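Enquirer: the sequence and its predicted three-dimensional model are supplied below.
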Amino acid sequence: MRALIQRVRKASVSVKQQTVGNIGPGLCVFVGVTHDDDEVIAEKLASKIWNLRIFEDDQKRMNYSVGEINGEILIVSQFTLYSDTTKGRRPSFVEAASPDVAEPLIEKLCESLKVMGATVATGRFQSHMEVEIYNDGPVTLNLDV
């Protein structure tokens, strides 16, 4: 699994002009799934997201995790994180898992985060989503598990 994590002041995702998920301060996480991923990897990614220390303390050092600041998490599935742009002008997505593989693993990721104590909002799988993000920083990180 691969994730692009953005520290946000707030974020939301809409489908057909209807908000399907929104959060206050926390993390907006775009998640891609590849063919070899499984539930163990989803749980590892959840732990990494929950415990990653990217929120500032009083001295402006990144010492707090999203859980420690009582932040929220917006999870948005993003198959394009597994794009290959090394050849030609059109990206290839052969490394992205099919929807029937990816969707249960995204759900497992969300459930694992909730078990840890996270407030989780999501987009809608296989939908054209509009994501609105208000960066905090900006702080944007790539995670591979």
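Expert: Arrived safely, thanks for sending.
Enquirer: now the longest helix anywhere in the chain: mean pLDDT?
Expert: What stands out as the longest helix in the chain, according to DSSP state H, is helix 99-116. Averaged over helix 99-116, pLDDT sits at 97.
Enquirer: elements contacting it?
Expert: helix 39-51, strand 72-77, strand 119-122 (3 or more Cβ pairs under 8 Å, 6 or more residues apart in numbering; DSSP states H and E). For glycine as for every other residue, the C-beta is placed from the backbone atoms N, C-alpha and C.
Enquirer: can you put those in a markdown table and add distance to residue 58, mean neighbour count and mean pLDDT?
Expert: Putting the helices and strands packed on helix 99-116 into a markdown table (distance: least, Cβ to Cβ, whole Å; neighbours: other Cβ atoms under 10 Å; pLDDT from 0 to 100) gives the following:
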| stretch | distance to residue 58 | mean neighbour count | mean pLDDT |
| --- | --- | --- | --- |
| helix 39-51 | 20 | 18 | 98 |
| strand 72-77 | 22 | 24 | 98 |
| strand 119-122 | 24 | 19 | 98 |
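Enquirer: coming back round to it: tell me the buried residues in the longest helix of the chain?
Expert: Under the neighbour-count criterion of 16 or more other Cβ atoms under 10 Å, helix 99-116 has 102, 105, 106, 108, 109, 110, 112, 113, 116 buried.
Enquirer: out of the residues you listed, which is nearest to residue 41?
Expert: Proximity of the buried residues of helix 99-116 to residue 41 was ranked by Cβ to Cβ; the top entry is residue 105 with 7.7 Å.
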